[in-house]
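Trainee: Show me the folded form of this:
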Amino acid sequence: MSDTLPETAVTPREREREPEPEYAPSAPAPLQVPRTPTGDAGVDAHLGRLADADHLATDGHLEVYEDVHRGLRDALTALDARPGPPVPTRHPTTTPE
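Mentor: Predicted coordinates for the structure are as follows:
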């Protein structure tokens with residue numbers, strides 16, 4: 001039996017020297033929030049834009065969120081601007097002569 005370690009083995013002292021991965025809380029990280037399609041192409045495009053925040057540092061999220069909010073607000077406002085169904089007309093009634 002040999003008391004020497006093979007060259008590929010890592011000793012506990014060498015493990016201590018290995019740098020641990022840095023933890024940066026403000027580093028970009030995907031939020032992995034599911035985005036369910038709504039069926040409205042415009043709304044889905046705005047919601048899809050939220051994925052852009054996954055690649056930005058936290059201080060860059062606000063711009064994306066404000067842009068998405070503005071787009072969704074405009075989509076809701078556009079619903080109010082569309083003409084609704086025609087108002088039914090009253091049938092003429094017979095008036096006394």
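Trainee: pull the helix or strand with minimum mean pLDDT from this structure.
Mentor: helix 12-17 (a mean of 64; mean pLDDT, DSSP states H and E).
Trainee: following it, which helix or strand shows up next?
Mentor: Beyond helix 12-17 in the direction of the C-terminus, DSSP states H and E gives the next helix or strand as helix 41-48.
Trainee: Show the average pLDDT along that following helix.
Mentor: Summarised as a single mean, pLDDT over helix 41-48 is 93.
Trainee: What are the buried residues along that helix?
Mentor: Using 16 or more other Cβ atoms under 10 Å as the test for burial, helix 41-48 gives 46-47. In short, each C-beta sits where N, CA and C put it, glycine included.
Trainee: again, but for stretch 61-68
Mentor: Buried residues in stretch 61-68, counting neighbours by 16+ other Cβ under 10 Å, are found at 61, 64, 68.
Trainee: Quickly note the distance from the closest residue in space to residue 56 that isn't next to it in sequence to residue 59.
Mentor: Leaving aside its chain neighbours, residue 56 sits nearest to residue 28 (5.7 Å; criterion: Cβ to Cβ, 6 or more residues apart in numbering). Distance, residue 28 to residue 59, by Cβ to Cβ, to the nearest Å: 11 Å.
Trainee: With residue 80 instead?
Mentor: Distance, residue 80 to residue 59, by Cβ to Cβ: 34 Å.
Trainee: quick one: contacts of stretch 31-44?
Mentor: 47-48, 50-51, 53-54, 71-72, 75 (Cβ atoms under 8 Å, 6 or more residues apart in numbering).
Trainee: Can you flag the buried ones in the residues you listed?
Mentor: Members of those classed as buried by 16+ other Cβ under 10 Å are 47, 50, 53, 71.
Trainee: could the residues you listed go into a markdown table alongside distance to residue 32?
Mentor: Conversion of the buried ones among the contacts of stretch 31-44 to a markdown table gives the following (distance: Cβ to Cβ, whole Å):
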| residue | distance to residue 32 |
| --- | --- |
| 47 | 14 |
| 50 | 11 |
| 53 | 12 |
| 71 | 22 |
